[in-house]
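no sequence on this one, just coordinates:
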């Protein structure tokens, strides 16, 4: 048996317990759940760019221990279809918080190509994972990925904020 087996088994057991603790009561919100942001899981959501500048992204997180008083970093990366990092933002999230967390991209935002597919990848601290909420397929243009495997029946909760150019003044014909 490989030497690392006990550690891997322990990691799997701890991760399963954390993920189970992250699940919400189905009576309160049917179909709603969350998965621990363990760095090894590479939790990712695909999306289609709706404009050429992404200003910020929000995700719904839950911390695992509502009594803890410190904060931990959560990193959100935007990847292209080759899995190259297009942009990244990190946010300190207080333990015990639950709700929307906003990641703002510097300057005018990230330059993307409208209509192309990109990926949100979120990574929490290995010390105390957060949970990212998901629900059954509410975003028709993307899929959840966990360790590189797609699950088209789920979507992580996220919102994207685009820097759209002001509407052009209507053209007026000369009299």
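Yep, that arrived. The structure presented is a predicted model; accordingly, all values stated were derived computationally and were not measured.

need the strands for the protein, in chain order.
33-36, 43-48, 53-63, 71-79, 85-94, 98-104, 110-111, 117-123, 130-136, 144-146, 149-151, 154-156, 158-162 (DSSP state E).

just the mean pLDDT for stretch 133-151, thanks.
Averaging pLDDT along stretch 133-151 yields 86.

so how far is the first residue of that stretch from its last?
Stretch 133-151 has its terminal residues 14 Å apart, counting by C-alpha to C-alpha, to the nearest Å.

so what touches that stretch?
Residues from elsewhere that reach stretch 133-151 (C-beta atoms under 8 Å, 6 or more residues apart in numbering): 24, 31-35, 40-48, 60-62, 117, 119, 152-158. To be clear about C-beta, it is placed using only N, CA and C from the backbone, and glycine gets the same treatment.

please, a ChimeraX command that selects the buried ones among those residues?
Burial among those is assessed by 16 or more other C-beta atoms under 10 Å; the matching ChimeraX selection reads:
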select :24,32,33,34,35,41,42,43,44,45,46,47,60,61,62,119,154,155,156,157,158
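
hmm, back to that, looking at the strands of the chain, which has the lowest confidence?
Looking at the strands of the chain, the weakest mean confidence is strand 33-36, a mean of 80.
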